[in-house]
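1. Here is a sequence together with a model predicted from it:
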Amino acid sequence: MYDEEVGQEYRGMATQFTTGGNCDAWCTKCKLDLAHTIHAMVDGVPVKVECNTCHGIHKYRPTAEMRAAAKASRARRSSGSRSSAPKAPPAPTLWRQSLERLQGVEQQRYNVKESFEVDHVIDHPKFGIGVVVKILEPTRARVVFQDEERTMVMGLGR
């Protein structure tokens, strides 16, 4: 039962694992990061380990420190340049443009029982004034507010 995602994340790390060797891993029985003996490996990544403390044998789970390092690495990779496709304007800009375009339209108080349509202006008690920009499902609408775009529930009444 090899977890490909784990293999991709930890294959590039500096630690060299060997079958029969030791590694640090999250023990599912002890609920701690502890030393483990490696029982099985796939593509240089441990897949089955035995806790040296409780002797429980389980799937390899990296330590919290290793998971944090992998997460930081993913964040650095994803913050690089992406495709040059035009992005939607940020929520405040889209919100402002939508309100200017719909100036004079009556605001409707937000209620989960009511249904909305695109370009309805709603007044939400927590998020303020918003504009419906897309209907996702009969019970979900995408609404842009001043701070961000949110998915809102609608049409739950009979």
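-> Noted; the coordinates are in hand.
2. in this structure, which spans are strands?
-> Ranges of strands in the chain, per DSSP state E, are 22-27, 32-42, 45-51, 57-59, 107-109, 121-124, 128-137, 140-145, 149-153.
3. Torsion angles phi and psi at residue 117?
-> phi -130, psi 170 (degrees, to the nearest 10).
4. how much space between the nearest residue in space to residue 156 that is not next to it in sequence and residue 149?
-> In this structure, residue 156 finds its nearest non-sequential neighbour in residue 112, 4.8 Å apart by Cβ to Cβ, 6 or more residues apart in numbering. Glycine gets a C-beta too; all of them are placed from N, C-alpha and C. Separation of residue 112 from residue 149 (Cβ to Cβ, to the nearest Å): 18 Å.
5. Could you do residue 120 as well?
-> Counting by Cβ to Cβ, the gap from residue 120 to residue 149 is 15 Å.
6. more crowded one of these two?
-> residue 120 (22 against 17; other Cβ atoms under 10 Å).
7. Contact partners for the more buried one?
-> 105, 108, 131, 132 (Cβ atoms under 8 Å, 6 or more residues apart in numbering).
8. One more pass at 7 Å, please.
-> Shown in contact with residue 120 (Cβ atoms under 7 Å, 6 or more residues apart in numbering): 108, 132.
9. Can you pull the phi/psi pair for it?
-> phi -70, psi 140.
10. Domain map for the protein?
-> 4-77, 91-153 (automatic domain parsing).
11. Since that was my last question, I'll sign off now.
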